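Peer 1: test case, fold it:
(chains A and B)
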Amino acid sequence: MNHEKRSLEFYVLAIFFTIFVLFLYGPLSAIVILSFQGPDGGLTFPLNGVSLHWFANLFEKQAVGDFGASFQRSLILGIMVMLVTVVVSLLAGLAFRRRFRGSTFLFYATVASLVVPSIIISLGIGVVFQQGGLAPPGILRPSARI
Amino acid sequence: MATIASSETDQATAKSGRSFRVPLGLVSYLQATPLFLILGFFFLLPIAMIGVVSFWDYDFAGLYPAFLTTNYTDTLGSWVTWKTYLNTLKFTVIVWGLTLFIGFWVAYFLAFHIRRTSTQMILFLVCTVPFMTSNIIRMISWIPVLGRNGLVNSTLIELGLIPKPIEWLLYSDFAVVLAMVHLYTLFMVTPIFNTLMRIDRSLFEAARDAGASGWQVLWNVVVPLAKPGMAIGSIFVVTLVMADFSTVQVMSGGQSASIALMMKNQMSLLQYPAAAANAVVLLVVVLLMVAAILRIVDIRKEL
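Peer 2: Okay, the predicted model is just below:
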């Protein structure tokens, strides 16, 4: 069975799959290559010299935000979200081993939360926070914007 | 399920003599409480709040509780909204069709043509890795490829196929669709791959023995059994594209619009009630589309 001859279908689909993988990785590799662009180059090919200029640039003081602080914030945020998600999902998974009143509702609410567009949820959370007086300074507060 | 539950009950009663235990019935509730609170405060309450706020009055200084229907009549009465919905639906249909086609054949190749499980898993991971970077990075990575002096244009000019750069490659509807297919195909591949892997291979032999041709096997055996996976993938892709604003904004260069982008603009102008009315309409449309998919295909055994 494992030694039967490959059919034409296999080769056609293998080519299709290869093109799909190239389509996935092509643009990403372009970005990786362009990150080694020389100091005078921009976001276009061909490369204008090879350098680590733009990587060094990341760690210098910049006009648009501070790389170190942003990276740290992302990392902390990621760890916080990971911890909460793992704990909550594990507990909920344990709970779902048995039927309990409201388990069906909770399950469908979980599935529905995947389907409802995130921009709607974020708008809703923003409005809830604003109406609850929880808005942090500068965000969602008309006086700060105008 | 029943036997597991009963053996746990036995253990519980056996142990209860020695140490204090929370009653079993209560344990499930305690375990489900965090999820329930999160969904309550960050899912159900926000949606309810959007429903309420969509009837409120507003001006540049704040929101005023009221019961107005003007937010809805303004939204539904303007031809801009209808045009934007039409545009979003156009993107949804094109992207859905393309991702379904690509996703099905990629999953089909992985499931039926790769014989070794280890190779299968490696190739599947190869497809998954790009999806671990953020959407924004994957979107921006198209710019040096599609741009006016980008890879595609410069290669085509080099080869002498075109005299001057093609203008519609970047910042166009084409770019939006391309980026969306790039971003969302995995959401189609994974569920279809899962359902295909569960198909009993002896069905193919049975179909072949009964005289079915290759296409007949595909159409009468594989496709019907893969439908639940296709439905789940379709739900993901449709809801993601319907609610997309960043791809449309970045890849169309502001020349195309989507409902979510319109909402985002209203939000940045602090017109929350208008955005909320829009959100309610969008939510209803998305849920109707999901309901339509679920009516056609029963996915309950997949959940």
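
Peer 1: helices along chain A, start to end?
Peer 2: A:8-34, A:53-58, A:67-95, A:103-115, A:118-131, A:142-145 (DSSP state H).

Peer 1: can you tell me the closest non-neighbouring residue to whichever residue of the stretch 151-300 of chain B sits closest to chain A?
Peer 2: Residue nearest to chain A within the stretch 151-300 of chain B: B:Ala243 (2.9 Å; CB to the nearest CB). Glycine gets a C-beta too; all of them are placed from N, C-alpha and C. Distance criterion CB to CB, 6 or more residues apart in numbering or on different chains; nearest residue to B:Ala243, sequence neighbours excluded, is A:Pro117 at 2.9 Å.

Peer 1: distance of the one you found from B:Gln266?
Peer 2: 15 Å (CB to CB, to the nearest Å).

Peer 1: same question for A:Ser89.
Peer 2: Taking CB to CB, one finds A:Ser89 at 34 Å from B:Gln266.

Peer 1: neighbour count winner among those two?
Peer 2: A side-by-side neighbour count of A:Ser89 and B:Gln266, using other CB atoms under 10 Å in any protein chain shown, places B:Gln266 first with 20 against 13.

Peer 1: the helix or strand containing the more buried one close to chain A?
Peer 2: Secondary structure from DSSP states H and E places B:Gln266 in helix B:259-268. Yes: applying CB under 8 Å from any CB of the partner chain, one finds helix B:259-268 touching chain A at B:260, B:263-264, B:267.

Peer 1: burial check on the residue of chain A found nearest chain B, number of neighbours?
Peer 2: Relative to chain B, the nearest point of chain A is A:Gly124 (2.5 Å; CB to the nearest CB). When neighbours are counted by other CB under 10 Å, A:Gly124 registers 24.

Peer 1: these two touch, right, it and B:Gly51?
Peer 2: No: using CB atoms under 8 Å, A:Gly124 is not in contact with B:Gly51; the gap is 9.0 Å.

Peer 1: spatially nearest residue to the residue of chain A closest to chain B, not counting backbone neighbours?
Peer 2: B:Pro46 (2.5 Å).

Peer 1: over to B:Phe42?
Peer 2: A:Ile125 (6.0 Å).

Peer 1: from B:Ile50, how far off is that neighbour?
Peer 2: The value you get for A:Ile125 to B:Ile50, if CB to CB is used, is 10 Å.

Peer 1: who's more crowded, the two?
Peer 2: Using other CB under 10 Å, the more surrounded residue of A:Ile125 and B:Ile50 is B:Ile50, with 26 against 18.

Peer 1: tell me how many other residues surround the residue nearest to B:Ala243.
Peer 2: Neighbours of A:Pro117 (other CB under 10 Å): 21.

Peer 1: please enumerate the strands of the stretch 1-150 of chain B.
Peer 2: Along the stretch 1-150 of chain B, counting by DSSP state E, counting those that start in this stretch, strands occupy B:57-59, B:62-64.

Peer 1: domains of chain A?
Peer 2: A:8-60, A:65-98, A:101-134 (automatic domain parsing).

Peer 1: out of these, deepest packed?
Peer 2: domain A:101-134 (a mean of 16; mean count of other CB atoms under 10 Å in any protein chain shown).

Peer 1: relative to the whole chain's centre, how far out is that one?
Peer 2: Averaging C-alpha positions (CA atoms, centre = their mean, to the nearest Å) puts domain A:101-134 20 Å from its chain's average.

Peer 1: now do that domain, average pLDDT.
Peer 2: For domain A:101-134, mean pLDDT is 84.

Peer 1: give me the distance from the host helix or strand of B:Ala206 to the chain's centre.
Peer 2: Assigned by DSSP H and E, B:Ala206 belongs to helix B:202-209. Relative to its chain's centre, helix B:202-209 lies at 34 Å (CA atoms, centre = their mean).

Peer 1: close to chain A, is that helix?
Peer 2: No: Helix B:202-209 does not reach chain A (CB under 8 Å from any CB); its nearest approach is 10.4 Å.

Peer 1: counting contacts, what elements does that helix pack onto?
Peer 2: Under the contact criterion of 3 or more CB pairs under 8 Å, 6 or more residues apart in numbering or on different chains; DSSP states H and E, helix B:202-209 touches helix B:214-217.

Peer 1: report whether the helix it packs on contacts chain A.
Peer 2: Yes: on the criterion CB under 8 Å from any CB, helix B:214-217 is in touch with chain A at B:Gly214.

Peer 1: ok, back up a step: who's in contact with the residue nearest to A:Gly124?
Peer 2: Residues in contact with B:Pro46 (CB atoms under 8 Å, 6 or more residues apart in numbering or on different chains) are A:120-121, A:123-125, A:127-128.

Peer 1: for A:Phe105, see how far away it is.
Peer 2: From B:Pro46 to A:Phe105 the distance is 18 Å (CB to CB).

Peer 1: give me the below-cutoff pLDDT ranges for chain A.
Peer 2: A:1-5, A:41-46, A:61-65, A:135-146 (pLDDT under 70).

Peer 1: one more time with 90, if that's ok
Peer 2: A:1-10, A:24-72, A:93-146 (pLDDT under 90).

Peer 1: residues contacting residue 119?
Peer 2: No chain was given, so I picked chain A. Residues near A:Ile119 by CB under 8 Å, 6+ apart: B:243, B:245, B:260, B:263-264, B:279.

Peer 1: ok and the residue in chain B nearest chain A?
Peer 2: B:Pro46 (2.5 Å).

Peer 1: my guess is B:Ala231 contacts B:Arg295. True?
Peer 2: No: using CB under 8 Å, B:Ala231 is not in contact with B:Arg295; the gap is 10.1 Å.

Peer 1: comparing the two, which residue is more hemmed in?
Peer 2: B:Ala231 (21 against 8).

Peer 1: contacting residues for the more buried one?
Peer 2: Taking CB under 8 Å, 6+ apart, one finds B:293-294, B:296-297, B:299 in contact with B:Ala231.

Peer 1: can you check the pLDDT for it?
Peer 2: Confidence score, pLDDT, at B:Ala231: 92.
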